[in-house]
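S.K.: Sequence plus predicted model, see below.
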Amino acid sequence: MEERNLDQEERKKSVSSFSSDDDYNESLGDSDDADDISEEESDNEESDSLSQETDLQSPLTKFLEDIQNGVDTRESVRRREIDDVCKIRLELLGQYLRSSHEKFEDLLRGWSLAKEKVSSPQELRLALRSQQQLVVQLLEEKKKIINDLQWDLMLAGDHFVKDLMTQTEERDQMMEKMDDQIRNLIERYRSNLTNTENSNQENNATIHATARQEWERQQKEFYAAELEMLTERRKQVTNYDEKIQCLILENMETQAMVKIEQDANLQLLVREHQKIRASYTMTSLKKTNERYDLEAHQNTRIAGLQTENDDQSHDPEQANQTVKRIRYLSKNYQYNIKQYEHLQGKTKNIAVADEKTYEEMVETVEEEVKQLVDKALEIDSLICKWYQGIPWKRPVVAFTEIPDETLEKVREMLLDEAGILVDEDMDEDEKWESLLTTCCISEMDLPKVANYFIKYSQREAGELCGPLGKSCAKTAAALGTRSTSFLTADLINPNYILPALKSFIKQDVTYLVIMGQQARDKEFWESLGNIVCEEKVKLWEEIERTLKQYLEVLKEVYKLTPEVDILRRQNTELRMQLQKSPSIRSNSEIMK
Amino acid sequence: MPQSTLPSASDSKVPEGSKKTRTIISEDPCWTLSLLPRLSDLCLQSIANNFEEHPLFEQLSSSQRDFLQQRLSPSLPLHVTANLIGDGVYWKRRCQQLWGLCDVSHYGHSWKRMFFERSLENMIELFIPDVSDPGNLLDMVHHCRDFVKRLRVSQLLTPVMDPQRVEEEEVASDNEYEGPSMDHFDFSILLQKLSRLEELHVVYRVKECGMNFEWKMFEMTDRDCESLATALESCKTLKVLRLHQSHVDDKKCRLLVKHLLDHPSLRQLDFSHNLISDKGARAVAKLLSRSSLQELDMCDNHIRDHGAKAIAHALSNNSTLLSLNLRLNRVRDEGGQALGEALLRNCTLRHLHLGGNEVGRRTAAALSEALRQNNVLRSINLSCNSLGEDGGRALQEAMCHNTSLTECDLRLTQVDEDIVSSITQLVWANQSSEPRQDQEKSGARREVDEMRDEAQEFTGQSWTYE
């Protein structure tokens, strides 16, 4: 019974240890987790953790085994004790058995003795008494042994209870100890885990930091390289810029040189052209003169010849000669006309080149206009000072506009001069329209045309009087500025109308540029035109009237002088003609 | 039901005669078409609902089977489900419904096996002889015969006695011991039907008996023994038998062994914590020579030198036994010496436990002799013996020549500390020279596992860490 209880006790103990063992396994699981975390680490660390794990495990297993061993030894000791006690008890019982057996035999012997020997009742009673005593003795002995055994049993029971209590205490202590150990172990595992985690984190952080540093370093290097490249590139760009600038300058210089040369050539050509034209006009004049003379001569001759023909109606040879002569002359005439056209083409080319000079001229004209305005203003100021004694104020300068009368004039002139370009049979309006369509001009462009004509004529005039000097140009410019009050006929030589129209159509583009400039200058011009205000005009008119009276006198004087001049010139011309006419006459006489 | 899950759209009626166009007007803004259950799902659901009348499983595709595994009611009778539904979520649900948290790894990761094993165990553990109807149990056995591989019976109830009868019995017991039967569950009706049983763990005891304690509750009766022995003989697939803490004495042991002789598959026998002495040991020794046992556990019995000699004799001719546990017996030097001599001839035994056997230096000397020659023995446990200085020294010398021993327990053996530490050093050297992966589960660890199993059986529940 004792044994069994102890067995159970032991088992309970072992159970308690197993429960803690379970805990221990759980904590093992923790360590497995930790292992999982640190799995990625190097083999070294793994083996470290493994050894740590075994280090941590071994004390617990050892403790458990120690407990088991302890229990085993105690159990074996207990069993030995039980064996010994049993042996002693068995011996005791054996002794008792033997003694009681002896006594029993004594008893039996007593009975047989009594049977044999007893003869008297007294003896029998004695024998009975002794036998009874023996039985009592035997019973007492038995009782004693039973009491002993019961006493033993009681003692053993007490001992067992005590034993149980002590074992319970021990078990509780052990359980506490185990719990403590498990707690320690768990704590160690946890700390281990946190350590590994921390170290991992640190590792990660360091790796991260180094990677970042590396990254930054490489970034910096990259940036530096990029910057260097960029600066180099910038340098190159500036170098190239400079080079390009130099090249442009050189180019410009060379171009300027070429231009200057060309300009010089152009000037030469222009001069030549002018000379040629002059000579041409001279020749044409001579020719017209000649023709005129010839016609007059022919008329006389025809009359003469007719009379002669009447006289000598059969003179075919002379007639043939005359026909030949006429042919030759007509050929000559045609050649001259061709030459004239050629020259005209040349003139056109030159006109293109003259455009530039025109611009220059515009500048000079503007300057001169300004001067004129200044002059006018000066005059105004003088008038103010002299006639009124008022302090003078300088007005704002503006541009002028082409009036309708001028346009009308231009139209008429165009019709007259360019009418040959269209059908002769049309009436005036039709002609005008067809002219406009052929020339690709619209009615709206007329002011432009007029303006251009004015400019053109100014240029032509400038060209003509270019070599003559500044004064001539000045007058031309003055004419341009005062175009409003002048007739177009005065402005434009009718001879210039056609070429002007041509160049207008051709250079419409350049003209537009000019017009753009002119539009820009328009206000300026108007302001120039209105530089003298109405009141002042009235004042001036007054002054003019007074001056006109004076002028009348002067005019009379003046009128006489040009007449004299004209007469003188006519005289000289006639004289020259007279000088030439004999040679012509002689020529014709020779031809006859 | 599908009708109820249909949304309000079905309520808005399209007037008849107008164009037949399908329109779904969702009055509930949260409602979408995806809320509608698919027709196939509805079909499967109805299959699940009517599974008892019309079991339909084999014909389905694997995904549909998975669906059914999720939906089938866990309360379906076993005769429908047991052979039809394979291992899977359904059995997991049933397990968790019955026992909450479950560790399926102890059951070969098979939920079905777990369900049937635990159900059968529960039925056996709660079976009251003469009261419970064996029909239920036989039904259960009929269903689970193909799935049960292991039975771990942690209690066997005794027949109930009404108080009157108990009193009568007490009066009667003075005269005759044979009262009404105190026999436990009869395994003979069970084991021959379980065609795949491999492990049987039986304890003839009652858990949590409280104040109803009686020694008879913790005893295996003769008739129990007979029935069990015949049952074991009929179970030809058994590999592991554990019969511990069940008051097995020599007589019963001999009876059991007699029926286990020449068993075709038995590999592991555990008679620990019983009352077997020399005669039983002799029977076991005979079993050793007439079976292919690999593990024999006779710890905490009453085997003395004669029994040990018999076992040693069997061991010397044995070539299957790997582990022999004789802890807490009384082998003494005579038995120890015999075992040591047996080890000279045996070349298969790997683990020997002789802790708490009152062996002395003579045994140590004999074992030292064996260790010099034997290079198979991996672990030896001699703790709680009085080996003395001489024994320790002999072992130390022997260890110098041994390369196989990786565990040697010499605690509480009255051996000098220095010698113990030097032996431990040598053992460690052997341990480290052995490749790690080839290393067997260390003896201590194995012991710990065993003890945990034991504890589990003892308390009837698994311990969880809190």
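M.R.: That came through, no problem.
S.K.: Same question for stretch B:43-59: list its buried residues.
M.R.: B:44-45, B:47-48, B:51, B:55, B:57 (16 or more other CB atoms under 10 Å in any protein chain shown). (Each C-beta comes from the backbone N, C-alpha and C, glycine too.)
S.K.: Present those as TSV; the columns should include pLDDT.
M.R.: Below are the buried residues of stretch B:43-59 laid out as TSV (pLDDT from 0 to 100):
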residue	pLDDT
B:L44	90
B:Q45	91
B:I47	90
B:A48	90
B:F51	90
B:P55	87
B:F57	88
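S.K.: Now that we have the residues you listed, can you turn them into CSV and tack on distance to A:M178?
M.R.: Converted to CSV, the buried residues of stretch B:43-59 look like this (distance: CB to CB, whole Å):
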residue, distance to A:M178
B:L44, 54
B:Q45, 53
B:I47, 55
B:A48, 50
B:F51, 51
B:P55, 53
B:F57, 51
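S.K.: just the helices in the stretch 201-350 of chain A please.
M.R.: Here the stretch 201-350 of chain A has its helices, by DSSP state H, counting those that start in this stretch, at A:316-383.
S.K.: Looking at it, which residue is nearest chain B?
M.R.: Nearest to chain B, among the residues of the stretch 201-350 of chain A, is A:N203, at 26.6 Å (CB to the nearest CB).
S.K.: Tell me which stretches of the stretch 301-450 of chain B form strands.
M.R.: B:323-325, B:351-353, B:379-381, B:407-409 (DSSP state E, counting those that start in this stretch).
S.K.: what's in contact with the last one?
M.R.: Contacts of strand B:407-409 with the rest of the structure, by CB atoms under 8 Å, 6 or more residues apart in numbering or on different chains, involve A:65, A:69, B:355, B:378-383, B:395, B:399, B:423-424, B:427, B:431, B:442-444.
S.K.: Now do that strand: distance to the chain's middle.
M.R.: Distance, stretch centre to chain centre, for strand B:407-409: 27 Å (CA atoms, centre = their mean, to the nearest Å).
S.K.: And the third one, by the same measure?
M.R.: In this view, strand B:379-381 has its centroid 24 Å away from the chain centroid, taken as CA atoms, centre = their mean.
S.K.: Now look at it and say if it contacts chain A.
M.R.: No. Contact of strand B:379-381 with chain A is not found when judged by CB under 8 Å from any CB of the partner chain; the minimum separation is 9.1 Å.
S.K.: What is the burial count for B:R345?
M.R.: Other residues lying near B:R345 total 14 when counted by other CB atoms under 10 Å in any protein chain shown.
S.K.: where does the residue of the stretch 201-350 of chain A closest to chain B land on pLDDT?
M.R.: Looking at A:N203, its pLDDT reads 93.
S.K.: ok, the one residue in the stretch 251-400 of chain B that gets nearest to chain A - contacts?
M.R.: Taking CB to the nearest CB, chain A has its nearest neighbour within the stretch 251-400 of chain B at B:G356, 3.6 Å off. By CB under 8 Å, 6+ apart, the contact list for B:G356 reads A:69, A:72-73, A:75-76, B:327-329, B:383-385.
S.K.: Tell me which stretches of the stretch 1-150 of chain B form strands.
M.R.: B:150-153.
S.K.: Looking at it, which residue is nearest chain A?
M.R.: B:D103 (12.3 Å).
S.K.: neighbours around that residue, how many?
M.R.: 9.
S.K.: Local confidence estimate at it?
M.R.: Note on B:D103: pLDDT of 89.
S.K.: Would you double-check that A:S119 falls in a strand?
M.R.: No. Per DSSP: H, G, I helix; E, B strand; the rest coil, A:S119 lies outside any strand segment and is coil.
S.K.: what about it, distance to B:D418?
M.R.: 86 Å (CB to CB, to the nearest Å).
S.K.: Ok, A:V71 next?
M.R.: Using CB to CB, A:V71 is found at 27 Å from B:D418.
S.K.: between those two, which one's more packed in?
M.R.: A:V71 (21 against 10).
S.K.: So what's the gap between stretch B:31-50 and the chain middle?
M.R.: 44 Å.
S.K.: And for stretch B:252-270?
M.R.: The answer for stretch B:252-270 is 16 Å, by CA atoms, centre = their mean.
S.K.: With A:T196 as the reference, measure out to the residue of the stretch 201-350 of chain A closest to chain B.
M.R.: 10 Å.
S.K.: cool, and B:V331?
M.R.: Counting by CB to CB, the gap from B:V331 to A:T196 is 48 Å.
S.K.: Could you check which of these two has the larger neighbour count?
M.R.: Neighbours per residue (other CB under 10 Å) separate B:V331 from A:T196, with B:V331 holding more: 28 against 19.
S.K.: ok, now which ones touch the more buried one?
M.R.: When contacts are counted by CB under 8 Å, 6+ apart, B:V331 touches B:303-305, B:307-308, B:339, B:354, B:357-359.
S.K.: one more time with 10 Å, if that's ok
M.R.: Taking CB atoms under 10 Å, 6 or more residues apart in numbering or on different chains, we find B:V331 in contact with B:281, B:303-309, B:311-312, B:337-339, B:354, B:356-359, B:363, B:385.
S.K.: Out of these, which end up buried?
M.R.: Buried by 16+ other CB under 10 Å: B:281, B:303-309, B:311-312, B:337-339, B:354, B:356-359, B:363, B:385, out of the contacts of B:V331.
S.K.: So which residue is smack in the middle of chain A?
M.R.: Geometric centre of chain A, nearest residue: A:L230, 17.8 Å, by CA atoms, centre = their mean.
S.K.: residues touching that residue, list them.
M.R.: Contacts here follow CB under 10 Å, 6+ apart; on that basis A:L230 touches nothing.
S.K.: separation between it and B:Q97?
M.R.: Taken as CB to CB, the span from A:L230 to B:Q97 is 76 Å.
S.K.: before we move on, what about A:R271?
M.R.: Note on A:R271: its distance to B:Q97, by CB to CB, is 127 Å.
S.K.: Check A:W215 too.
M.R.: A:W215 sits 57 Å away from B:Q97, going by CB to CB.
S.K.: And for B:D28?
M.R.: 35 Å.
S.K.: Then A:L377?
M.R.: 122 Å.
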